[in-house]
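Undergrad: starting from these lines, generate the structure:
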Amino acid sequence: MGSWPNPPTANPIELVSLSLAAGGLAGLMVFWLQRKLKTAPRGSDEMNKLSDLIASGARSFLKTEYFYLSFFVSVFFVFLVALYSADPPTAANDRLDGIRMGGCFLAGAGLSALAGWLGMAVATDANVRTTQAADKEGLAKALRVAFTGGAVMGFTVVGLGLFGLSLFFYLMTINRDEDERLALVYAMDSLAGFGFGASSIALFARVAGGIYTKAADVGADLVGKVEMDIPEDDPRNPAVIADNVGDNVGDVAGMGADLFESFVGSIIAAAALANGDPTLVMLPFWVAGAGIFASVAGYFAVGTKDGASQHQLLFALHKGTIVSGILVLAFVAIIISQSFSDGSTIVFGTDENGMPMPVTDTEKLGWKIFSCVVIGLFAGILIGQATEYFTSYSYWPTRSITEAGVTGPATVIIQGIGIGMISCVAPVIILVATIFGCNALAGGYGIALSAVGMLSTLGVTLATDAYGPIADNAGGIAEMAELEERVRETTDALDALGNTTAATGKGFAIGSAVLTSLSLLTAFKLKAEVDVVDITDPVVLASVLFGAMLPFLFAALTMLSVQKAAGAIIIEVRRQFATIEGLREGTADADSDKCVAISTQSSVEEMILPGVYAVMAPFVIGILIGPKALTGMLGGAIASGMMLAIMMANAGGAWDNSKKYIEIEGACGGKGTDTHKACVVGDTVGDPFKDTSGPALNILIKLMSMISLVIAPIIAGWGDWEMWYYGLIPIAICVIATIVVWKCYWSDTQDISAPIEKTVKGEEVDEEAAKAEE
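TA: Predicted coordinates for the structure are as follows:
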């Protein structure tokens, strides 16, 4: 059997040659898809005006968010440069390590932000084109336009991620004085900074975007649907533009940054566990590159016919993932057969003394690693199918929530929480089986490769996810432009499908996050020189408990932030209905800019505290106590974060589609019934579950794992409490941030029950009359 250039003597540029080429192909695909999207008509002047308002609001938010994040990025850039310049972890004591780490951090943060911006830009252009396609050409064309917009997002994320990571990998190997194996080890140490930058932006983008979108959504629904009894996306509702802006900044820009970080994080984790062996370092880059080639083919497999049912629409999108999944396995089999040929030597793992251990039967090892990629890919598909079962109204769990609405909103909430909890069972069993299987085949490296395999077809799977917010926006534009009811029916069908694909995407992201975080934890343990972690050790057990608490604290803060921001929107919407003459009748225009400004300001303010706690937690435990305690903290956070994220994402998706089941299929009497109103309340509760707190939790566990890997060389070999006095610094930062945020943003509470004028079911009641009535 022939083989490619012998990896032990390969030039670093050869190790990432395929991934660089794949990243370039993704860029060409983005260019072609954008050209294709531009050929779809944009519709009437009124539709274009609404689309431009949404795009303007999204740009305004991201500019504000990125302005504030630039300070965070600047501070940590200086910190990392200073830390790694003063105490270089390399054997050669290379003072350039600080510049390398800081440069990678900047690159990761910048590319993550760019992925979110570009995704938002294309989504706000594709929405109006999808509306026009639904109006003039039907369901099949509208699906293709929306999916094309989502595909631009998908290929942008994988293209920027893989090309940027591959390029910086090569740059990190330049001017290394160590031997080839150590040079690759130290290059991967620097690339942990790339992951840190990407994770940081992803967390803040997900949190701020999630708070924005759900504050506007909840505010618009509670006043518009419940109090005023007007339809969803009615142009009279002042918050409806902010709601549609939120779909783009939260579900597109935030999701893009999230999955960008997942994609590069899985590659970094696998390559970091390669122990400097060129073949094993190369493999995750090449598997990800093969996935891009496969995703290009998968894009062309997506299509449906007019009048398709929800089952047929789901299958139309599944065709893309099936085709890309089959092709990526074929490509990876070829890569394995050529890279792990007889006669070559692979350094795989270490012996009892911590020395690299060569493996001569490389062909057998190669096929074991290939099996891990297969397991990871199929695990992702199975998790997606399980999520679809619990969140699509085609199946019993979501329909049971609708049926529970017959007895009121309380039973809708109870049933939804129960469905969310029980939905954790299948993904956990799948992930446990994946971890056991991959560990038996190829240890920690095999588990890391399974995460790369799971995310290898991200180009097409992200397209099916990003398509959802585009379809949602298209429906909003159809309603606000007062198009025919048949147009809204078409966009509602696409939107319901989008809710399911979004929930599937979130389950997929959570599954990959767990595998990636576990791999990063293994890499941290290796770099921090932690030999044994005894769960009965009080220090470790206490740290596990602390780590298990963190996802609940984080979710609580984001949920409370949505409530607080939504309260400000509710007050403003009520005020406008009460004071703008003719707004209720539709003869006057709402001041949508005010709601956009409130959502923007609130979301940026509310992202500070969760972000500070997430970033500082590894520094507090790792420096105050030591690396053994930090290992325990990460284990606790991964376990509880996974459960909470799955429960919240699936419960929220099921609540949303229980409402859609009534609106689209006419279940339980259709729109306007008490059952419908009960399910609207459930959907409102589920909004921050599925779009704010739930999705941010998988970033939380990856971010803390990545930060731990970044500081591992610094705290390596420390005993418990050895440097506790330095740990007081991150604690002080947390305390100061808490006091500042409380004084500036939280101490001034709003009374949403006492607006200037009370509005009830379309009737104005002044404040004195309201008091007299009470």
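
Undergrad: going by C-alpha atoms from here, please, whenever you check contacts or count neighbours.
TA: Fine.

Undergrad: what strand or helix carries the residue nearest to the spatial centre of the chain?
TA: Nearest residue to the geometric centre of the chain (CA atoms, centre = their mean): residue 258, 3.3 Å. Assigned by DSSP states H and E, residue 258 belongs to helix 255-272.

Undergrad: what's the angle from the helix or strand just after that helix to helix 255-272?
TA: Per DSSP H and E, the first helix or strand lying C-terminal to helix 255-272 is helix 278-299. Per axes from the mean of the first three to the mean of the last three CA atoms, to 10 degrees, the angle that helix 278-299 makes with helix 255-272 is 150 degrees.

Undergrad: hey, C-alpha coordinates of helix 278-299 in CSV?
TA: The C-alpha trace of helix 278-299 is given here as CSV (Å, rounded to 0.1, in the frame of the first residue of the first chain):
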residue,chain,number,x,y,z
PRO,A,278,2.9,14.6,13.1
THR,A,279,0.4,12.1,11.8
LEU,A,280,-1.9,12.5,14.8
VAL,A,281,-1.6,16.3,14.8
MET,A,282,-2.4,16.3,11.1
LEU,A,283,-5.5,14.0,11.3
PRO,A,284,-8.1,16.4,12.9
PHE,A,285,-7.2,19.1,10.4
TRP,A,286,-7.6,16.7,7.5
VAL,A,287,-10.8,15.2,8.8
ALA,A,288,-12.3,18.7,9.2
GLY,A,289,-11.1,19.5,5.7
ALA,A,290,-12.7,16.4,4.3
GLY,A,291,-15.9,17.5,6.0
ILE,A,292,-16.0,20.7,4.0
PHE,A,293,-15.6,18.9,0.7
ALA,A,294,-18.5,16.5,1.8
SER,A,295,-20.7,19.5,2.9
VAL,A,296,-20.4,21.1,-0.5
ALA,A,297,-22.0,18.0,-2.0
GLY,A,298,-24.5,17.8,0.8
TYR,A,299,-25.8,21.3,0.0
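
Undergrad: and it, what other elements does it pack with?
TA: Packed against helix 278-299 by the contact rule (3 or more CA pairs under 8 Å, 6 or more residues apart in numbering; DSSP states H and E) you find helix 12-15, helix 17-38, helix 139-172, helix 180-220, helix 255-272, helix 310-339, helix 425-455, helix 458-480.

Undergrad: what lies in contact with the first one?
TA: Helix 12-15 is touched from outside by 7, 170, 173, 278, 279, 281, 282, 285, with contacts defined as CA atoms under 8 Å, 6 or more residues apart in numbering.

Undergrad: most neighbours, which of these?
TA: Within these, most neighbours by other CA atoms under 10 Å means residue 285, with 29 neighbours.

Undergrad: next one, pLDDT for it please.
TA: Looking at residue 285, its pLDDT is 94.

Undergrad: once you drop chain neighbours, what's closest to it?
TA: Closest residue in space to residue 285, ignoring its immediate chain neighbours: residue 19 at 5.6 Å, by CA to CA, 6 or more residues apart in numbering.

Undergrad: tell me, how many neighbours does the one you found end up with?
TA: As a burial measure, residue 19 scores 29 neighbours (other CA under 10 Å).

Undergrad: what's the answer for the one 5 residues further on, then?
TA: For residue 24, the tally of surrounding residues (other CA under 10 Å) stands at 16.

Undergrad: what's it in contact with, if anything?
TA: Listed by CA under 8 Å, 6+ apart, the contact partners of residue 24 are 159, 163.

Undergrad: tell me how far it lies from residue 43.
TA: For residue 24, the distance to residue 43 (CA to CA, to the nearest Å) stands at 33 Å.

Undergrad: kindly report the same for residue 32.
TA: To residue 43, residue 32 is 22 Å away according to CA to CA.

Undergrad: between the two, tell me which one has more neighbours.
TA: Set residue 32 next to residue 43 and count neighbours by other CA under 10 Å: residue 43 wins out with 16 against 13.

Undergrad: surely the more buried one and residue 128 touch.
TA: Yes: the criterion here is CA atoms under 8 Å, and residue 43 meets it with residue 128 at 7.1 Å.

Undergrad: related to what we said a few turns ago, and the residue nearest to the centre of the chain, what does it touch?
TA: Contacts of residue 258 by CA under 8 Å, 6+ apart are 199, 202, 203, 205, 206, 699.

Undergrad: with residue 512 instead?
TA: Listed by CA under 8 Å, 6+ apart, the contact partners of residue 512 are 262, 266, 380, 451, 454, 455.

Undergrad: which one of those residues has the most neighbours?
TA: residue 451 (35 neighbours).

Undergrad: and it, what pLDDT?
TA: Looking at residue 451, its pLDDT reads 90.

Undergrad: touching, it and residue 378? I think so.
TA: No: contact criterion CA under 8 Å: residue 451 and residue 378 do not qualify, at 10.8 Å.

Undergrad: who are the packing partners of whichever helix or strand residue 727 is part of?
TA: Under the criterion of DSSP H and E, residue 727 resides in helix 724-741. In terms of contacts (3+ CA pairs under 8 Å, 6+ apart), helix 724-741 is packed against helix 608-624.

Undergrad: angle of the helix it packs on against helix 180-220?
TA: Going by the same axes, to 10 degrees, helix 608-624 makes 150 degrees with helix 180-220.

Undergrad: from here on, call the first residue 48.
TA: All set: I'll call the first residue 48, so the last point we hit is now helix 655-671.

Undergrad: what sits up against helix 655-671?
TA: 247, 250-251, 590, 601, 604-605, 674-677, 680, 747, 750-751, 754-755, 762, 768-775, 777-778, 781, 784-785, 788.

Undergrad: equivalent analysis for stretch 232-240, please.
TA: Contacts for stretch 232-240 (CA under 8 Å, 6+ apart): 137, 144, 147-149, 151-152, 155, 212, 215-216, 219-220, 315, 318-319, 322-323, 753, 756-757.

Undergrad: are any of those buried, and which?
TA: Buried subset of those (neighbour count, 16 or more other CA atoms under 10 Å): 137, 144, 147-149, 151-152, 155, 212, 215-216, 219-220, 315, 318-319, 322-323, 753, 756-757.

Undergrad: returning to what we had before: for the helix holding residue 774, list the C-alpha coordinates in PDB.
TA: These are the backbone C-alpha positions of helix 771-788, laid out as PDB (Å, rounded to 0.1, in the frame of the first residue of the first chain):
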ATOM      1  CA  TRP A 771      -3.300  30.800  47.200                       C
ATOM      2  CA  TYR A 772      -2.400  34.500  47.700                       C
ATOM      3  CA  TYR A 773      -2.400  35.000  43.900                       C
ATOM      4  CA  GLY A 774      -5.900  33.500  43.800                       C
ATOM      5  CA  LEU A 775      -7.200  36.500  45.700                       C
ATOM      6  CA  ILE A 776      -6.800  38.600  42.600                       C
ATOM      7  CA  PRO A 777      -9.400  37.000  40.400                       C
ATOM      8  CA  ILE A 778     -11.700  36.800  43.500                       C
ATOM      9  CA  ALA A 779     -11.300  40.500  43.900                       C
ATOM     10  CA  ILE A 780     -12.200  41.100  40.300                       C
ATOM     11  CA  CYS A 781     -15.400  39.000  40.700                       C
ATOM     12  CA  VAL A 782     -16.400  41.000  43.800                       C
ATOM     13  CA  ILE A 783     -15.700  44.400  42.200                       C
ATOM     14  CA  ALA A 784     -17.600  43.400  39.100                       C
ATOM     15  CA  THR A 785     -20.600  42.200  41.200                       C
ATOM     16  CA  ILE A 786     -20.700  45.500  43.100                       C
ATOM     17  CA  VAL A 787     -20.400  47.700  40.000                       C
ATOM     18  CA  VAL A 788     -23.000  45.800  38.100                       C
END
